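> Give me a 3D structure for the following:
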Amino acid sequence: MTATVKMLVRAGAVMLLGAGLGLAGASSSQAGGKPTISKEAFGSVGGKAVDRYTLTNGAFRVRILTYGGILQTVETPDRHGKLTNVTLGFKTLDEYVTSKNPAYFGALIGRYGNRIAKGQFTLDGKTYQLAINNDPNSLHGGNVGFDKRVWSATPVKGGNSVGLRLTYVSPNGEENYPGTLRTTVTYTITRDRGIRMDYQATTDKATVVNLTNHAYWNLGGEGTGTIDDHKLQLNASRYTPVDATLIPTGQLAPVAGTPMDFRKPTAIGARNRSNFQQIVYGRGYDHNWVLDRHDKSYRKLETAAKVSDAASGRTLTIATTEPGIQFYGGNFLDGTLYGTSGRSYRQGDGLALETQHFPDSPNHANFPSTVLRPGQVLKSTTIYQFGTSR
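So this is what the prediction gives:
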C-alpha cells in the first residue's frame, strides 16, 4: 500500500474503483518536510481585509485567499522534482475583483454550484426566483455567490499536515435563497502532496445547497498552453445530457459508444471538437458525469477521476464522497484573462473537475437531493492527490 493510499484510508475508507484508476503516490524524497502555514495581507474588498495563506508540506506549496476561498496557486513537482504552479488564477486581488473572476478560478462555489434552470426551484410548496446570471439560467450561486465573499479563516495544524478552516455565514434571503446557511470549508495539505477539502453546512430553514471548488488544472504548468494532450479517466458509465442551455434533461445516459466515455484514459483533445450534439451544446466538454459509486449514502471517499500529463509526468487523482463530477474543458476562455505567469488563457488551457451533486437537482426528483433542513448537517469531502509517473 502506497503512502498516498494510506493517507486516504486514514481520511475515510477510500474505495479505489475503475480499471486502472488507482492513486499515484509520491516518492519519499518528495514527501518529507515539516508542514508550515503563514499569513500575509493581500488587500481589501468593500472595507474588508483579505489575507493570503501559504501552506507548505515538503515539496508542495499551496496559496489560499480569504476572498472567495480561492485556491490561487498549487506548486507541485514534476518527475524531475521541479516545482511548478499547476492551477489557473490571477496574480493580484484587484484582478479577481475588477474582472469579477468570470471563470471562477479556484473559488469556493455556493450556495448552489452549477446551473438551476431559469433560476427557479420550488421547495415545500414555495417557488424561489434566483438571479439569471447565465441567461436563461442561474449559475454558481447568483450574482454575488460564495466566490465573491470574504471568508473568516483559522489555521489548523496537525502532526503531518497543515490546514486552513474557512467560514462564511450566508443570511436568509441572500441571492434569494431561503435560510441562514453557515458553511465551513477546511483545506488540508498532506505530506503526500494531497489537498483535502472538507465541506460542512447547516441551516435554520429548509434550503438547497451544492458546494464545490472551481479550480482549473494544467499539469504542464499554469500558462503553458493547451491541456489537449492530458489524459483523463472518469469512473462513470453514465452522464446527465443537457439541452441547448446546458440544463440537464433529466436522463441518465450511458457513455458507451459516445465521446463522453472516459472510462479508459483518453486524451482530452481526441474528441472535444466532435459533432456529437452534447459536445456542440457545450462547445466542448461542460457536463456532469454520474459516478459509479458503491456507497450510495455519499459518505465514503471513492475514486472519481485521474488526469495525467506525459510530458511533465505529473498526475492528479480525485477521490470524493459526491455523486457527480463536472468536467469543464475551459471552452469559454478567450484570451482576455491573464494569469499568475502573465500569459493569456485561451480555450482549453485548463480543465475543471468539480465534485458535486448534479446540476439543476432541485428540479429533478430522480437526481440525488440537494435539500438541507434544520437539524441536518451537510458533510462532503474531496481529495486532490498529486503524484508523478516515470
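> Could you measure from the residue lying farthest from the centre of the chain over to residue 364?
Largest separation from the mean C-alpha position in the chain: residue 125, at 31.7 Å (Cα atoms, centre = their mean). Applying Cβ to Cβ, to the nearest Å, the value for residue 125 to residue 364 is 18 Å. For glycine as for every other residue, the C-beta is placed from the backbone atoms N, C-alpha and C.
> picking up where we left off before, per-residue pLDDT of the residue farthest from the centre of the chain, please?
Among the per-residue scores, residue 125 shows a pLDDT of 98.
> again with residue 26
We have a pLDDT of 37 for residue 26.
> Same question for residue 20.
pLDDT, read off for residue 20, is 41.
> Same question for residue 329.
Note on residue 329: pLDDT of 97.
> how many neighbours does it have?
By other Cβ atoms under 10 Å, 28 other residues sit near residue 329.
> residue contacts, it?
Contacts for residue 329 (Cβ atoms under 8 Å, 6 or more residues apart in numbering) come out as 227, 268, 272, 284-286, 348, 351.
> same deal with residue 224?
By Cβ under 8 Å, 6+ apart, the residues touching residue 224 are 218, 343.
> Could you shift the numbering so residue one becomes 803, and keep it that way?
Got it, first residue is 803 now, which makes that one residue 1026.
> helix or strand for it, which one?
Under DSSP states H and E, no helix or strand contains residue 1026.
> same check, this time on the one 5 residues further on
Under the criterion DSSP H and E, no helix or strand holds residue 1031.
> Format the contacts of residue 1131 as TSV; extra columns: distance to residue 896.
As requested, these are exported to TSV (distance: Cβ to Cβ, whole Å):
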residue	distance to residue 896
1029	27
1070	32
1074	33
1086	30
1087	31
1088	28
1150	27
1153	26
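> nearest to residue 1161, of those residues?
When the contacts of residue 1131 are compared for distance to residue 1161 (Cβ to Cβ), residue 1088 wins out at 10.0 Å.
> Please enumerate the strands of the stretch 903-1052 of the chain.
Counting by DSSP state E, counting those that start in this stretch, one finds strands in the stretch 903-1052 of the chain at the ranges 910-911, 917-918, 922-925, 928-931, 940-941, 954-959, 963-972, 983-992, 996-1005, 1009-1010, 1014-1015, 1018-1019, 1033-1036, 1040-1042.
> Could you look over these and pick the most buried one?
By mean neighbour count, with neighbours taken as mean count of other Cβ atoms under 10 Å, strand 1014-1015 ranks first of the strands of the stretch 903-1052 of the chain at a mean of 28.
> Note down every partner strand of that strand and its orientation.
Here strand 1014-1015 is paired, per DSSP bridges, with strand 910-911 (antiparallel).
> Out of the strands of the stretch 903-1052 of the chain, flag the one nearest residue 873.
strand 1014-1015 (6.6 Å).
> contacts for the closest one?
Under the contact criterion Cβ under 8 Å, 6+ apart, strand 1014-1015 has outside partners 871, 873, 908-911, 915-916, 999, 1124, 1128, 1156-1158, 1184.
> cool, stretch 925-940 as well?
Residues from elsewhere that reach stretch 925-940, judged by Cβ under 8 Å, 6+ apart: 914, 917-924, 941-942, 944-945, 977-980, 1008-1010, 1047-1049, 1164, 1173.
> Let me see the mean pLDDT of stretch 1170-1187.
98.
> Do me a favour and get the end-to-end distance for it?
Separation of the first and last residues of stretch 1170-1187 by Cα to Cα, to the nearest Å is 26 Å.
> Report the buried residues of it.
Neighbour counts over stretch 1170-1187 (16 or more other Cβ atoms under 10 Å) mark 1172, 1174, 1180, 1182-1187 as buried.
> related to what we said a few turns ago, in the contacts of residue 1131, which two residues are the furthest apart from each other?
1029 and 1088 (14.3 Å).
> pLDDT weak spots in the stretch 1053-1192 of the chain?
By pLDDT under 70, the stretch 1053-1192 of the chain has no low-scoring segment.
> re earlier: mind giving me JSON lines with the strands of the stretch 903-1052 of the chain and columns for distance to residue 1143?
JSON lines is the format used below for these (distance: least, Cβ to Cβ, whole Å):
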{"stretch": "strand 910-911", "distance to residue 1143": "23"}
{"stretch": "strand 917-918", "distance to residue 1143": "30"}
{"stretch": "strand 922-925", "distance to residue 1143": "40"}
{"stretch": "strand 928-931", "distance to residue 1143": "41"}
{"stretch": "strand 940-941", "distance to residue 1143": "27"}
{"stretch": "strand 954-959", "distance to residue 1143": "26"}
{"stretch": "strand 963-972", "distance to residue 1143": "24"}
{"stretch": "strand 983-992", "distance to residue 1143": "22"}
{"stretch": "strand 996-1005", "distance to residue 1143": "21"}
{"stretch": "strand 1009-1010", "distance to residue 1143": "38"}
{"stretch": "strand 1014-1015", "distance to residue 1143": "21"}
{"stretch": "strand 1018-1019", "distance to residue 1143": "13"}
{"stretch": "strand 1033-1036", "distance to residue 1143": "23"}
{"stretch": "strand 1040-1042", "distance to residue 1143": "33"}
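> Between these, which one is closest to residue 899.
Among these, strand 910-911 comes nearest to residue 899, with 15.7 Å by Cβ to Cβ.
> So what's the gap between the closest one and the chain middle?
8 Å (Cα atoms, centre = their mean, to the nearest Å).
> List the contacts of it.
870-872, 942-943, 947-949, 953, 968, 987, 1012-1016, 1156.
> as a whole number, average confidence for that strand?
The pLDDT scores in strand 910-911 average 98.
> quick one: buried residues of stretch 1016-1032?
Using 16+ other Cβ under 10 Å as the test for burial, stretch 1016-1032 gives 1016-1026, 1028-1029, 1031-1032.
> Need the max-distance pair from those residues.
Between any two of the buried residues of stretch 1016-1032, the greatest separation by Cβ to Cβ is 22.7 Å, found for 1016 and 1031.
> tell me how far the ends of stretch 839-856 are from each other?
Its start and end residues considered, stretch 839-856 measures 6 Å (Cα to Cα).
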